[in-house]
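Engineer: What shape does this take:
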Amino acid sequence: MPIIGMGGVSTAADAIEMMIAGADAVGVGTAIFRDPGCLVEIVDGIDRYLEAHGIAHVSELVNTLVR
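Structural biologist: Presented below is the predicted three-dimensional model:
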(Lines give C-alpha, C1' and ligand atoms only; values in the text may rest on other atoms or scores of the structure.)
Protein backbone atom coordinates (compact mmCIF):
# COMPACT_ATOMS: atom_id res chain seq x y z
CA MET A 1 0.00 0.00 0.00
CA PRO A 2 1.50 3.38 -0.94
CA ILE A 3 2.33 5.78 1.87
CA ILE A 4 2.00 9.55 1.46
CA GLY A 5 4.08 11.56 3.93
CA MET A 6 2.44 14.80 5.05
CA GLY A 7 2.86 17.36 7.78
CA GLY A 8 5.56 19.95 8.13
CA VAL A 9 7.10 19.56 4.69
CA SER A 10 8.52 22.90 3.58
CA THR A 11 12.00 22.04 2.28
CA ALA A 12 13.68 19.44 0.11
CA ALA A 13 15.34 18.02 3.23
CA ASP A 14 11.91 17.48 4.81
CA ALA A 15 10.66 15.64 1.73
CA ILE A 16 13.82 13.56 1.42
CA GLU A 17 13.63 12.54 5.08
CA MET A 18 10.04 11.38 4.65
CA MET A 19 10.94 9.31 1.60
CA ILE A 20 13.95 7.76 3.33
CA ALA A 21 11.63 6.89 6.24
CA GLY A 22 9.27 5.08 3.86
CA ALA A 23 6.94 7.55 2.13
CA ASP A 24 6.27 6.78 -1.53
CA ALA A 25 5.06 10.34 -2.09
CA VAL A 26 5.12 13.58 -0.11
CA GLY A 27 2.37 16.16 0.25
CA VAL A 28 3.08 19.85 0.74
CA GLY A 29 0.29 21.93 2.25
CA THR A 30 0.65 24.97 4.47
CA ALA A 31 4.11 25.84 3.14
CA ILE A 32 2.49 26.74 -0.20
CA PHE A 33 0.51 29.53 1.47
CA ARG A 34 3.66 31.06 2.96
CA ASP A 35 5.74 30.62 -0.21
CA PRO A 36 4.02 29.52 -3.43
CA GLY A 37 7.44 28.97 -5.01
CA CYS A 38 8.42 26.39 -2.41
CA LEU A 39 7.33 23.51 -4.65
CA VAL A 40 9.90 24.44 -7.28
CA GLU A 41 12.55 24.81 -4.56
CA ILE A 42 11.66 21.41 -3.10
CA VAL A 43 11.82 19.64 -6.46
CA ASP A 44 15.09 21.36 -7.38
CA GLY A 45 16.55 20.45 -3.98
CA ILE A 46 15.57 16.82 -4.40
CA ASP A 47 17.16 16.80 -7.86
CA ARG A 48 20.40 18.24 -6.43
CA TYR A 49 20.41 15.62 -3.66
CA LEU A 50 19.91 12.77 -6.12
CA GLU A 51 22.69 14.05 -8.36
CA ALA A 52 25.10 14.59 -5.46
CA HIS A 53 24.51 11.05 -4.20
CA GLY A 54 24.52 9.30 -7.60
CA ILE A 55 20.89 8.26 -7.32
CA ALA A 56 19.12 7.77 -10.64
CA HIS A 57 15.49 8.01 -9.53
CA VAL A 58 13.70 9.39 -6.50
CA SER A 59 12.03 6.02 -5.89
CA GLU A 60 15.44 4.68 -4.87
CA LEU A 61 15.22 6.79 -1.70
CA VAL A 62 12.03 5.19 -0.42
CA ASN A 63 12.42 3.12 2.75
CA THR A 64 16.22 3.28 2.87
CA LEU A 65 16.41 4.30 6.53
CA VAL A 66 19.11 2.37 8.36
CA ARG A 67 18.37 1.86 12.04
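
Engineer: Buried residues in the longest helix seen in the chain, which are they?
Structural biologist: Taking DSSP state H as the criterion, the chain has its longest helix at helix 38-52. For helix 38-52, burial by neighbour count (16 or more other C-beta atoms under 10 Å) applies to C38, I42, G45, I46, Y49, L50. Every residue, glycine included, has its C-beta placed from N, CA and C.

Engineer: Excluding covalently adjacent residues, which one is nearest to the third one?
Structural biologist: In this case it means G45. A12 (2.4 Å; C-beta to C-beta, 6 or more residues apart in numbering).

Engineer: hang on, that neighbour packs against I46?
Structural biologist: Yes: with contact defined as C-beta atoms under 8 Å, A12 counts as touching I46 (5.1 Å).

Engineer: So for these two, which residues contact both of them?
Structural biologist: Between them, A12 and I46 share no contacting residue under C-beta atoms under 8 Å, 6 or more residues apart in numbering.
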